[in-house]
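Chemist: Have a look at this fold, sequence not included:
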DNA sequence: GGAAGTAGTTTCGCTATGGAAAGTTGCGTT
DNA sequence: AACGCAACTTTCCATAGCGAAACTACTTCC
């Protein structure tokens, strides 16, 4: 490959900073179970670990634990240890986590139109 | 792990189908260079392979080639072979590809508020 | 004939992601 | 003392994603 002296485009329509912000959003929602987990908590309210495990078909303890920790680190999910016997833990979306509903809804809508677009062009050929 | 008889939630607030649609959107935009590539084409119009290679700092020929093929398969990018000597190829967003601008913008906005949220809480502690 | 430019593909290797299964800890019940 | 249950963690393994570098194919310029 050639040596590339970085080209500073005169067409600077998106700042680097804003590009990274969009990529951050993707990063937060990436991972096989994130969207499903967020929508489950958005619909079901506060749920226990084992409850989520039974609701989300196919997920295992390791991935559920990891995905919950990811969301917690991003302040999207709150972990509440209940003083029951035996101890149970409830997970719920934070107010910040609930702001994801809007963008996930947008993704849902775009995904549906995309599907129609692709199926449509596929039928043409 | 326990045997899990799949639980059909009475809290059925999101249909499976719609969940998958949102995940499709993530899938289309996943990959290290997708967002940057789409915004580059959205801003720069029709660009040659080598032009993109020089604009997007850090990308290599293999990944650029692959990411362009991914987008083309999803009908988001059109590949135009120009009858120049030597042959050049121009890539540009399709009308469908341009519909991504809206959702990427939403991601950009959410990403910025998310950054403030996380930095804010971090400063608290 | 050799260098250089466009547009890729191929190979090798590393790291990240994700799954299955078993192990851990701390209670409470029988 | 043994079993059960919640909530995890750990280990092992397979696949996927990504990058650097080299290689291919074609053409034009010197």
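Modeler: Alright, I've got the coordinates. Predicted, not measured: the structure shown is a model, and the values here were computed from it.
Chemist: quick one: residue A:94 and residue A:75 touch, right?
Modeler: Yes. Using CB atoms under 8 Å as the test, residue A:94 is close enough to residue A:75 to be in contact (5.9 Å). The way it works is simple: take the backbone N, C-alpha and C, and place the C-beta from them, glycine included.
Chemist: which residues do those two both contact?
Modeler: Residues touching both residue A:94 and residue A:75 (CB atoms under 8 Å, 6 or more residues apart in numbering or on different chains): there are none.
Chemist: And the residue nearest the centre of chain A?
Modeler: Closest to where the C-alpha atoms of chain A average out (CA atoms, centre = their mean) is residue A:29, at 2.5 Å.
Chemist: Wait, that one touches residue A:37, no?
Modeler: No. Here residue A:29 does not reach residue A:37: they are 10.2 Å apart, not a contact under CB under 8 Å.
Chemist: got any ranges where chain A has weak pLDDT?
Modeler: Low-confidence segments of chain A (pLDDT under 70): A:1-12.
Chemist: Go again with 90.
Modeler: A:1-18, A:84-86, A:119-125 (pLDDT under 90).
Chemist: Determine the longest helix present in it.
Modeler: Of all segments of type helix in chain A, defined using DSSP state H, the longest is helix A:100-124.
Chemist: Buried residues of that one, list them for me.
Modeler: A:100, A:103-104, A:106-112, A:114, A:117-118 (16 or more other CB atoms under 10 Å in any protein chain shown).
Chemist: Any residues of chain A in contact with DNA strand D? List them.
Modeler: A:1, A:48-51, A:61-62, A:65, A:68-69, A:79, A:86-90 (CB under 7 Å from any atom of the strand).
Chemist: try it again with 10 Å
Modeler: Residues of chain A found near DNA strand D (CB under 10 Å from any atom of the strand) are A:1-3, A:30, A:47-54, A:60-66, A:68-69, A:72, A:79-82, A:84-91.
Chemist: Intersect those with the contacts of chain B.
Modeler: A:1, A:30, A:53, A:54, A:60, A:61 (CB under 8 Å from any CB of the partner chain).
Chemist: quick revisit: roughly how far apart are the residue nearest to the centre of chain A and residue B:72?
Modeler: Residue A:29 sits 24 Å away from residue B:72, going by CB to CB, to the nearest Å.
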